[in-house]
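1. Dropping a prediction and its sequence here:
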Amino acid sequence: MNRIFGLIVLIGVPLTVMGSIFHWPSMAMFIICSISVIALSSFMGRATESLAIVSGPRIGGLLNATFGNAVELIISVFALQAGLIGVVLASLTGSVLGNLLLVGGLSFFLGGIKFKRQKFNVHDATHNSGLLIFAVIVAFIIPEVFAMTMNERETIQLSVSISIIMISLYLAGLFFKLVTHRGVYAHAEPEVEHSHEEPEWSKPKAILILLIATLIVAYVSENLVHTFEDVGEQLGWSELFIGVIIVAIVGNAAEHASALIMAMKNKMDVAVEIAIGSTLQIAMFVAPVLVLVSLFMPVQMPLVFTLSELVAMVTAVFLAINIINDGESNWFEGLTLLAAYLIMGVGFYLL
């Protein structure tokens, strides 16, 4: 499988370059770029696994989420430049839904088929639950409510203020987990089954591969963004559906692949850290950064989502919290999350 993904990258990336030079049809470029990004994600997944073995699940999961969300951030910046604010907000919504319901659901489902009962750090789960509630319930709903009685300038000012607070809290949360309270809430049961495992790549090589793959994905993603409008018109997809489903899945392919690999190897601490940690990073760092970046664009982006996007995110957060708070998972819980994602996907398609 690794050879197949490597072959796809060797073919797909040069084809992307040729297509951008010779202006190939949007549908062809959309397919080539999407497949190339997904293939590149396999390399990011293998690098993450090596880092998780060397540095531990928290660092490995955080690095994967960071590099993976760098792709999402890059795609969104190009979309902002093109004035596609609706697509950007929808893609942020899709990332939250995709990480919590699709990635989390597939991880629990596939891992649960192989292992009837999988465990992960319950203290990390409850800590992340509180931040999820803050990020989506507090930081996303408050701008929506206050924006009803504000003009456009005041809404942007509110969004910028909230964004600065969210970024500060996210960085403080990382300091809490990785510095002041590192190891305080470790697993009660030592994971001796992985202690002998050797990483595929050394730490420097894994980080280098993550960096190179991210840079290539950034280039491919820029070309992918330019196909959205034409492909949407040809297939009858709305801007909302493209953002929530298509951009989110392609932009977060790296996390998707990595989390599934970890779950199939019963490394649920890493899988959950990728799914939940990536969601937090999107909501508390990527979204606020995009608000601040938009200040330098022709059109500014307020942190105001549509009602359907807010309801979907709030529902996903509460469902995920109820499932992860016991520190255990099984295939049926995964299927429940996947069912919720499919229902929301159908809803956004029909809007």
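-> Great, that's in hand.

2. quick one, phi/psi of residue 325?
-> phi -70, psi -20 (degrees, to the nearest 10).

3. Hmm, residue 33 is touching residue 218, no?
-> No - counting by C-beta atoms under 8 Å, residue 33 sits too far from residue 218 to count as a contact (11.7 Å). All C-beta atoms are positioned from the backbone trio N, CA, C, and that covers glycine.

4. Residues contacting stretch 15-24, please?
-> Applying C-beta atoms under 8 Å, 6 or more residues apart in numbering, the external contacts of stretch 15-24 come out as 28-29, 32-33, 36, 219-220, 223.

5. Return that stretch as CSV; C-alpha atoms alone will do.
-> Provided in CSV are the C-alpha atoms of stretch 15-24 (Å, rounded to 0.1, in the frame of the first residue of the first chain):
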residue,chain,number,x,y,z
LEU,A,15,0.5,16.1,-13.3
THR,A,16,-0.7,18.9,-11.0
VAL,A,17,2.2,21.1,-12.1
MET,A,18,1.5,20.4,-15.8
GLY,A,19,-2.2,21.0,-15.3
SER,A,20,-1.7,24.4,-13.7
ILE,A,21,0.7,25.4,-16.5
PHE,A,22,-1.5,24.3,-19.4
HIS,A,23,-4.8,25.1,-17.7
TRP,A,24,-6.4,21.7,-17.7
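
6. How far off centre is it?
-> With C-alpha atoms, centre = their mean, to the nearest Å as the basis, stretch 15-24 stands 28 Å off its chain's centre.

7. what does the average pLDDT come to for that stretch?
-> Regarding stretch 15-24, the rounded mean pLDDT is 92.

8. Which positions in it come out as buried?
-> Neighbour counts over stretch 15-24 (16 or more other C-beta atoms under 10 Å) mark 15-16, 19-20, 24 as buried.

9. Same check on stretch 200-219?
-> Judged by neighbour count (16+ other C-beta under 10 Å), stretch 200-219 contains these buried residues: 201, 206-207, 209-210, 213-214, 216-219.

10. Equivalent analysis for stretch 127-143, please.
-> 127-129, 131-132, 134-136, 139-140, 143.

11. Check stretch 162-181 too.
-> 162-163, 166-167, 169-170, 173-174, 177.

12. re earlier: could I get the buried residues of stretch 200-219 as JSON lines with secondary structure and distance to residue 40?
-> What follows is these, written out as JSON lines (DSSP: H, G, I helix; E, B strand; the rest coil; distance: C-beta to C-beta, whole Å):
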{"residue": "201", "secondary structure": "coil", "distance to residue 40": "16"}
{"residue": "206", "secondary structure": "helix", "distance to residue 40": "15"}
{"residue": "207", "secondary structure": "helix", "distance to residue 40": "16"}
{"residue": "209", "secondary structure": "helix", "distance to residue 40": "10"}
{"residue": "210", "secondary structure": "helix", "distance to residue 40": "11"}
{"residue": "213", "secondary structure": "helix", "distance to residue 40": "5"}
{"residue": "214", "secondary structure": "helix", "distance to residue 40": "9"}
{"residue": "216", "secondary structure": "helix", "distance to residue 40": "6"}
{"residue": "217", "secondary structure": "helix", "distance to residue 40": "5"}
{"residue": "218", "secondary structure": "helix", "distance to residue 40": "10"}
{"residue": "219", "secondary structure": "helix", "distance to residue 40": "10"}
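
13. Just put those residues in TSV and tack on pLDDT and distance to residue 156.
-> Compiled in TSV, the buried residues of stretch 200-219 are given as follows (pLDDT from 0 to 100; distance: C-beta to C-beta, whole Å):
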residue	pLDDT	distance to residue 156
201	85	44
206	84	40
207	83	37
209	87	39
210	80	34
213	85	35
214	78	30
216	89	34
217	80	30
218	77	27
219	85	31
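
14. pLDDT below threshold where in the stretch 1-150 of the chain?
-> For the stretch 1-150 of the chain, applying pLDDT under 70 flags the ranges 1, 57-58, 60-61, 64, 68, 71.

15. Try it again at 80.
-> In the predicted model, the stretch 1-150 of the chain carries pLDDT under 80 at residues 1-2, 38, 41-42, 44-46, 48-49, 51-72, 74-75, 124-125.
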